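A.B. asks: fold the stuff below for me.
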Amino acid sequence: MSVVYVSPSGQDQHEGTAQFPLKTLTRALQEAGPGTVIQVAPGTYQAAEQWPLVVPAGVTVAGSSAQPVMIKGGAASSQSNSQHVGVVLGDRAQIRNITLTNPQGSGLFTREGAALVVNSRFVDCLQHGVIVSDRARPFISNNEFVGSGRSGVQANDSVKGEIRKNRFEQNLTGIELTGQAAPLVTDNQIASSQYGIVIAGSARPVLRKNEVTASQAALHTQDRAHPDLGHPQDLGHNHFQSTRHDLRNESVPLTTAGNQINPVRVQGSLRYLASQIPDEMAVPPVLLGNVALQPGPPSGSAPDASGDTESGRAEGFHTLDSRFNDLVGHWSAPFVEVLAEKNLVKGFIDGTFQPDAQVTRAQFAALVAAAFPDQPATQPLLRFRDVSASFWAAQAIRQAQTQGFISGFPDGSFRPNAPMTRVQAIVALANGVSFADGPEDALGDDDSPENGSSGGHSESLLVYGDRAQIPSYAVEPVAAATERQMVVSYPDPSQLRPLEPITRAETTALVHQALVATGSAERIASPFIPRAAIASANFIDLSERHWAWAFIEPMVKQGWLSGFRDGSFQPEAPMTRAQFAALLVGAFEPTPQRPPQRFRDVEDSFWAAGVIQQAYRAQFISGFPDLTFDPNFPLTKLQALLALVSGLKLQTVSPPQRRSLQAFSDRSDIPQYAENAIATATQLGLVFNRPNLAELRPNRATTRAEVSAMVYQALVVDAKMPAVPSPDRIVVN
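C.D. replies: Numbering: from 1, shown residues only. Modelled structure (predicted):
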């Protein structure tokens, strides 16, 4: 690499050294070759330059970060499609810490290769700050675009590359994408522009984490443009806020996931997709409440031949000898030895196994592919952009992916060297050995798995004291794996530690148990294999004599209801609106019917934030006009019945007959707007009145027992539960 120095005080007859700099960029560029850095001293470069300035391939023009370097001017050139531009960048050419302005045209143009535009300013350009065309794939990052007559950045033709972390202010348009341009546009801030982002032609950019404010139209799509605004497993996180249109769509129907867009300020077709990203801190709806843990293996026990623990110490369950010198006496030695005998795992050249080393996605794929070579392919082959044909695990990744063990990420990557967590490995094995109904990216980060059903029962997870940490997408697969004794958890089988990175020892033990579950390996007796818990409605304040027992007990077994820390159920206590939302989501697994709504009094960290949003989007329950939800406020009987009728669309099942309301002596207390819904609920047997069968008392707080009975009866109507007779239910002939 050579360095050429330029300064307004220099002379073009000089050598271009730090002591004797050149005067013009034009002269410096004539001397520059690939790898040359032109170090530009502070000042303005204008009159003596020959326009446009063409920066050859591999050349860097760098200014000072402390004092401004201004390049001002431009001219038409065949290299810039005869547009009036100031600077033309070649392949891998760079502009750093430079201010460009062109009062007669555009600041910079690039049409080839991977040019870099970093930490620069584009000020008061008549047309565009930067123009990108043809098949260029530039990296435009950490720049400022101010006062452009048309746009800060315009990309057209088949441009790709990245537009990242730039600031746009007071431009006619912040970013303009046309043709078939498909760059990644992320982490940009656009303000005070007539249009924030304009996408036209057949452009298909990916938009992530952009903030567009104070514009007449934050995002404007035209023609056949189809931007990627996020997916359920890869949220957009864009914030579009305008004075007129957050999104003006004049192109094909679009979908959005995880963006801040006001539906009132949307013009054109836009479908809202619900997030499927599990929240690590959210408690899955089926695991709400606190149920006493099932006892783990006794401390004075050791395994017998069947795998049960009857005597001895769990801590003493180790293999005394091993082929690996760091596994002698290690808890995982029995599992490792079996797989080593099958030549599925190997040690290192120093004779160790390194049981506590973390496992990457590629390493897991290799072990799975070797362990299950005959597993049939269930998924179409995917091509991952970050797994080359020469990568050591390429074939294993392809095999494991088509077998349904793993899939990639929404951006088309596999991330082979990324570590994975225990829960991701468990879900992968549950899916791959056909304990799940659909594919999930069990190896991905928690921001990527798709929802699927494993057939497991959520109550099986009661064996884990940290079950609240299990992401919602993984509840059923982990439950299925637990029921089939596929899970191995050392040192405490009652602690799953789902979000911790998985080790070589743990991965080997899990794969061994998956082989056992498929009949490909003999069972190993171990006290570290959790036994699935069975939920039971054993509450200190609830027995079979209670009037609602027959409704509560089945839903407890399903994991939809649970009690409190003290072992009580509190059947006569009011049910809160948040608890009701959790029960609805668990019992009915509703699908979204409307866009999300942020409530002012429901923080993202609130335990029921996810289920409240899911129940709202399914039209079961709504908030209040002041955009609050009152999650901890007692639910009224009227609200409960309205929610069930609305969410399940029961008026289509039983059209309302107003005469049904004659069953209630206090029918005058029913608001007029709710009469049809209450009539339908009455006809379908959803109404339970105690102690007076004729008194509805719609506006009083309803109890946990009453809500349980009403929801159970709705499940009966929905053909999900058998009918239960009750003298407290209104029956209308």
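
A.B. asks: where does the prediction get shaky in the stretch 451-600 of the chain?
C.D. replies: Counting by pLDDT under 70, the ranges of the stretch 451-600 of the chain that qualify are 451-459, 532-538, 559, 565-567.

A.B. asks: do a quick rundown of the helices in it.
C.D. replies: Counting by DSSP state H, counting those that start in this stretch, the stretch 451-600 of the chain has helices at residues 475-483, 504-517, 549-557, 577-588.

A.B. asks: turn those into a markdown table, columns for mean neighbour count and distance to His220.
C.D. replies: Where you see a C-beta, it was placed from the backbone N, CA and C, and this is true even at glycine. Compiled in a markdown table, the helices of the stretch 451-600 of the chain are given as follows (neighbours: other CB atoms under 10 Å; distance: least, CB to CB, whole Å):
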| stretch | mean neighbour count | distance to His220 |
| --- | --- | --- |
| helix 475-483 | 27 | 41 |
| helix 504-517 | 24 | 49 |
| helix 549-557 | 20 | 49 |
| helix 577-588 | 24 | 36 |
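
A.B. asks: with distance to Asn119 added, can I get those helices in JSON lines?
C.D. replies: Below are the helices of the stretch 451-600 of the chain laid out as JSON lines (distance: least, CB to CB, whole Å):
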{"stretch": "helix 475-483", "distance to Asn119": "46"}
{"stretch": "helix 504-517", "distance to Asn119": "43"}
{"stretch": "helix 549-557", "distance to Asn119": "59"}
{"stretch": "helix 577-588", "distance to Asn119": "48"}
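
A.B. asks: among these, which is nearest His128?
C.D. replies: Within these, the stretch nearest His128 is helix 577-588; the backing value is 49.0 Å (CB to CB).

A.B. asks: distance from the chain centre to stretch 699-710, please.
C.D. replies: 35 Å (CA atoms, centre = their mean, to the nearest Å).

A.B. asks: can I get it in PDB, CA atoms only?
C.D. replies: C-alpha atoms of stretch 699-710 as PDB (Å, rounded to 0.1, in the frame of the first residue of the first chain):
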ATOM      1  CA  ASN A 699     -71.600  -6.200  35.500                       C
ATOM      2  CA  ARG A 700     -70.100  -7.800  38.600                       C
ATOM      3  CA  ALA A 701     -66.600  -9.300  38.800                       C
ATOM      4  CA  THR A 702     -66.700 -12.900  37.800                       C
ATOM      5  CA  THR A 703     -64.900 -15.600  39.700                       C
ATOM      6  CA  ARG A 704     -62.200 -18.000  38.600                       C
ATOM      7  CA  ALA A 705     -64.600 -20.900  38.900                       C
ATOM      8  CA  GLU A 706     -67.300 -19.200  36.800                       C
ATOM      9  CA  VAL A 707     -64.800 -18.300  34.100                       C
ATOM     10  CA  SER A 708     -63.500 -21.900  34.100                       C
ATOM     11  CA  ALA A 709     -67.000 -23.200  33.600                       C
ATOM     12  CA  MET A 710     -67.800 -20.700  30.800                       C
END
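
A.B. asks: contacts for that stretch?
C.D. replies: By CB atoms under 8 Å, 6 or more residues apart in numbering, the residues outside stretch 699-710 that reach it are 546-548, 551-552, 555, 561, 569-575, 579-580, 583, 634-638, 640-641, 644, 669, 686-688, 690, 726, 728-729.

A.B. asks: ok, back up a step: out of the helices of the stretch 451-600 of the chain, the one nearest Gly258 is which?
C.D. replies: Gly258 sits nearest to helix 577-588 of all those, at 19.1 Å, using CB to CB.

A.B. asks: which is the next helix or strand following that closest one?
C.D. replies: Going down the chain from helix 577-588, the next helix or strand is helix 609-617, by DSSP states H and E.

A.B. asks: my guess is Leu254 contacts Val266, does it?
C.D. replies: No. Contact between Leu254 and Val266 fails when scored by CB atoms under 8 Å: they sit 9.7 Å apart.

A.B. asks: do you know which of the helices of the stretch 451-600 of the chain lies nearest Ala28?
C.D. replies: For Ala28, the closest of those is helix 504-517, at 55.3 Å, according to CB to CB.

A.B. asks: now that closest one against helix 475-483, angle please.
C.D. replies: 80 degrees (axes from the mean of the first three to the mean of the last three CA atoms, to 10 degrees).

A.B. asks: run the chain-centre distance for helix 504-517.
C.D. replies: The answer for helix 504-517 is 28 Å, by CA atoms, centre = their mean.

A.B. asks: among the contacts of stretch 699-710, which ones are buried?
C.D. replies: 546-548, 551-552, 555, 561, 569-571, 573-575, 579-580, 583, 634-638, 640-641, 644, 686-688, 690, 726, 729 (16 or more other CB atoms under 10 Å).

A.B. asks: which residues of this structure fall in helices?
C.D. replies: Remark: helices assigned in the chain by DSSP state H are 25-31, 333-341, 361-371, 394-402, 422-432, 475-483, 504-517, 549-557, 577-588, 609-617, 637-647, 675-683, 704-717.
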